[in-house]
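Visitor: from the sequence below, what's the structure:
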Amino acid sequence: MQVSEIKLSYNRLQLSSGKLTDSRQIHNFIREYLNLTKEDISLQEKFYAIFLDAGMNVIGVTKLAECGIDAVLVDARLLYVTALNTGAKNVIISHNHPSGNMKPSDADRTITTKMEQGLKTLDIKLLDHIILSSTEHDYYSFLDNGLI
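Guide: Residues are numbered from 1 along each chain as shown. Modelled structure (predicted):
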């Protein structure tokens, strides 16, 4: 009998970001690391995850989804498998709102709760969900606003 071999891998780089300890640092890291321009953020929604170790150091970043102009569909299982594969103890999620409206939608709240609960069962903590705006300095933090 033959079966397929499954290999999961990632390239761990030494990032000079230091520890991510607050929403402003997270926001700046996302924009800088992903080299996001106003055009990138204002065209279509994209959903990212940042994986951190127990010491709050960045292990890696991945794009989980890229969809339409006003919505992004994310499969939470991709977040869970990547978090487990990287040995992450903490996760930050982020997506953009091309409209520039920073208010989280009901779908944003639902996926955040779902991911937070799923990660918790794996003994991994969701630290924050950052919504990016096309305006360079604008963002919304679920943690800062009491939603995590």
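
Visitor: look at F51 and give its secondary structure.
Guide: Per DSSP: H, G, I helix; E, B strand; the rest coil, the secondary structure class of F51 is strand.

Visitor: the residue nearest to it when sequence neighbours are not counted in helix, strand or coil?
Guide: Closest residue in space to F51, ignoring its immediate chain neighbours: A88 at 3.8 Å, by CB to CB, 6 or more residues apart in numbering. Just so you know, the C-beta spots here come from the backbone N, C-alpha and C atoms, and that holds for glycine as well. Following three-state DSSP, the label given to A88 is coil.

Visitor: could you check how far the closest residue to D123 other than its chain neighbours is from N101?
Guide: Closest residue in space to D123, ignoring its immediate chain neighbours: K89 at 7.8 Å, by CB to CB, 6+ apart. To N101, K89 is 32 Å away according to CB to CB, to the nearest Å.

Visitor: of those two, which one has the most company?
Guide: Set side by side, K89 and N101 show more neighbours around K89, with 17 against 12, by other CB atoms under 10 Å.

Visitor: pretty sure the more buried one contacts K125?
Guide: Yes. Counting by CB atoms under 8 Å, K89 touches K125, with 6.9 Å between them.

Visitor: re earlier: phi first, then psi, for the residue nearest to F51.
Guide: The phi/psi pair for A88 (degrees, to the nearest 10) reads phi -70, psi 150.

Visitor: going forward can the numbers begin at 341, since that is how I track them
Guide: OK, 341 is where the count begins now, so the last one is A428.

Visitor: can you report how many residues lie near it?
Guide: 24.

Visitor: wait, it touches D463, no?
Guide: No. A428 lies out of contact with D463 (CB under 8 Å); the separation is 10.4 Å.
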